[in-house]
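Peer 1: what follows is a predicted protein model with its sequence.
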Amino acid sequence: MARSKRATLIQLAHIGGKAMWSGDEDARKDWQQDKTEHRSCSDMTTEQLDAIVKELRKKGFLKNNNRSKYGPKSRGVVADVIRALWINMHQEGIIDDPAESAIGKYAKRMTKRHNNGLGVDDLGWLWSDPELEQRVLESLKQWRKRAWKEWLKEDLAKIPTGSTEEDVIALIKAETIRYHHEFYEWWGIAPQEEETQQ
């Protein structure tokens, strides 16, 4: 148990220290040495690590939250969902760059204003702060919704007045328009007509 706690404290010290010093490792280690006489977290006692983590929480670089439901087994789960959604949005044509670095830039921009001006550009670090993690995920979902709303508006403009269900299905199959779930309510076109459109 003590070993597990120590590993967690080291990880939190790295997360908070990286945020506090904007990734400047020398500055982080200088600060740690000033506080504990050790530059490396691995050289610190559990009590010293605990003091470092408490200081980072006090300064606002680590959130005080209960992350029990985000234990070791679930670390990275939300990050994987974010990555999958990012790739999906790339395939849909919403996002130009599917690279991990592009996701990082987006995450940094989305987390900066909610993390004392310091954005988190590595999804691997987000697990310790569920609020920031969810902000990134929800912002992506909202972006996708806005894109689909705009596409719906464009596609509706391509459907001639008085079109029947068969007319709309023909436009979808010809890839003149995309399938939108609203079509089920308006024309009774079932989602299976979506085929590869999403």
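Peer 2: Structure's in. What do you need?
Peer 1: what's the next secondary structure element after the lowest-mean-pLDDT helix or strand in the chain?
Peer 2: Lowest by mean pLDDT, DSSP states H and E among the helices and strands of the chain is helix 2-20, with a mean of 72. Next helix or strand after helix 2-20 toward the C-terminus (DSSP states H and E): helix 25-36.
Peer 1: pLDDT on the helix or strand hosting Ala84, on average?
Peer 2: In this assignment (DSSP H and E), Ala84 forms part of helix 77-92. Regarding helix 77-92, the rounded mean pLDDT is 86.
Peer 1: the most centrally placed residue in the chain: which element?
Peer 2: Compute the mean C-alpha point of the chain, and by CA atoms, centre = their mean the closest residue is Val136, 3.6 Å away. In this structure, Val136 sits in helix 130-157 according to DSSP H and E.
Peer 1: that helix packs against which elements?
Peer 2: With contacts taken as 3 or more CB pairs under 8 Å, 6 or more residues apart in numbering; DSSP states H and E, helix 130-157 sits against helix 77-92, helix 100-112. For the C-beta atoms, the positions are set from N, CA and C on the backbone; glycine is no exception.
Peer 1: in whatever helix or strand comes next after it, what's buried?
Peer 2: Sequence order places helix 165-173 as the next helix or strand after helix 130-157, per DSSP H and E. Under the neighbour-count criterion of 16 or more other CB atoms under 10 Å, helix 165-173 has 168-169, 171-172 buried.
Peer 1: from those, which is closest to Asp96?
Peer 2: Using CB to CB, Ile172 is the member of those that lies nearest Asp96, at 25.1 Å.
Peer 1: these two touch, right, the closest one and Tyr179?
Peer 2: Yes. Counting by CB atoms under 8 Å, Ile172 touches Tyr179, with 5.3 Å between them.
Peer 1: domain assignment for this structure?
Peer 2: For the chain, automatic domain parsing gives the domain ranges 2-62, 74-146, 158-194.
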